[in-house]
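Novice: just coords:
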């Protein structure tokens, strides 16, 4: 089963799909080794690791396609990615879908914010009309080469026009053919329940650490009715804290030894990045 078909099957299964967060190829390999069935990579993390900048539409579609290709090539499980606002109009969306498919993604989502977008858990967001958003989604759906490539429609209308408009938009996006929908940043469990009850189709829950939504366990999200749960900023937040500790320790002690208990060692790292498998492959072809 290819990655797109596998992802669609996991989304439509009875059990909630938990997509582990990754922000580069290394974190993706670690996620896979830890038992992840699928991985999500968001624009928030991508902007941080590639530019050292906030999630504000500074990355281009081609930059992200190259970034996603490296991650997809590193793992054997589906990778679900962020396509921001589609990077322009219908023609831009069509090119983006083709580029992201070539990169190996198993699914992507497009949101209805005004370009340049803001992180979904910040204030000051603006949204485009459904008359502008629906053609983007239709173009993405019509021009995917693999019919199992998962296309998700995201709406940020809740924080701008309220939960009822957000639900209405989510249903419109589902009716347009989207495989899954996503209402960003509900602020209460009641809103989350209403979304799952009133949206006709699989719904994703975005668990942003320290964000605007209640942080719930996968079990609780499943009980509410969500098909998928993602924690997209967790890995980059945790790694940022670890690096702060590393550089502070080096400044204070002039050494990394005090942190050795927090590190993988040399051999463990080589196992993580697959050196034994690489050597086995080389050995099959004999000495060079």
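Specialist: Looks like it came in fine. What you see is a predicted model, and the numbers here were worked out from it, not measured in a lab.

Novice: And for residue 252, the neighbour number?
Specialist: Burial measure for residue 252: 9 neighbouring residues, criterion other CB atoms under 10 Å. All C-beta spots, glycine's among them, are computed from the backbone N, C-alpha and C.

Novice: Next: residue 75.
Specialist: Other residues near residue 75 number 21, with proximity taken as other CB under 10 Å.

Novice: Against residue 31, how distant is it?
Specialist: Using CB to CB, to the nearest Å, we find residue 75 at a distance of 8 Å from residue 31.

Novice: what do those two both touch?
Specialist: Shared contacts of residue 75 and residue 31, defined by CB atoms under 8 Å, 6 or more residues apart in numbering, are found at residue 39.

Novice: Skipping adjacent residues, who's closest to residue 245 in space?
Specialist: The shortest distance from residue 245 to any non-neighbouring residue, by CB to CB, 6 or more residues apart in numbering, is to residue 259 (6.7 Å).

Novice: Now for that neighbour: which residues touch it?
Specialist: Residue 259 makes contact with 245-246, 249 under the criterion CB under 8 Å, 6+ apart.

Novice: Tell me where the stretch 51-200 of the chain has strands.
Specialist: Using DSSP state E, counting those that start in this stretch, the strands found in the stretch 51-200 of the chain span residues 79-82, 107-111, 150-155, 180-183.

Novice: tell me the angle the longest one makes with strand 107-111.
Specialist: By that I understand strand 150-155. 20 degrees (axes from the mean of the first three to the mean of the last three CA atoms, to 10 degrees).

Novice: which helices and strands does strand 150-155 pack with?
Specialist: Using 3 or more CB pairs under 8 Å, 6 or more residues apart in numbering; DSSP states H and E as the contact test, the elements touching strand 150-155 are helix 3-11, strand 107-111, helix 130-143, helix 163-175, strand 180-183.

Novice: In JSON lines, list those along with distance to residue 264 and mean pLDDT.
Specialist: Below are those laid out as JSON lines (distance: least, CB to CB, whole Å; pLDDT from 0 to 100):
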{"stretch": "helix 3-11", "distance to residue 264": "27", "mean pLDDT": "98"}
{"stretch": "strand 107-111", "distance to residue 264": "30", "mean pLDDT": "98"}
{"stretch": "helix 130-143", "distance to residue 264": "39", "mean pLDDT": "98"}
{"stretch": "helix 163-175", "distance to residue 264": "42", "mean pLDDT": "98"}
{"stretch": "strand 180-183", "distance to residue 264": "34", "mean pLDDT": "97"}
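
Novice: mind giving me a markdown table with these and columns for mean neighbour count?
Specialist: As requested, the helices and strands packed on strand 150-155 are exported to a markdown table (neighbours: other CB atoms under 10 Å):
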| stretch | mean neighbour count |
| --- | --- |
| helix 3-11 | 20 |
| strand 107-111 | 25 |
| helix 130-143 | 18 |
| helix 163-175 | 20 |
| strand 180-183 | 26 |
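
Novice: Now render those as a markdown table, adding distance to residue 153.
Specialist: Listed next are the helices and strands packed on strand 150-155 as a markdown table, based on distance: least, CB to CB, whole Å:
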| stretch | distance to residue 153 |
| --- | --- |
| helix 3-11 | 14 |
| strand 107-111 | 6 |
| helix 130-143 | 5 |
| helix 163-175 | 3 |
| strand 180-183 | 5 |
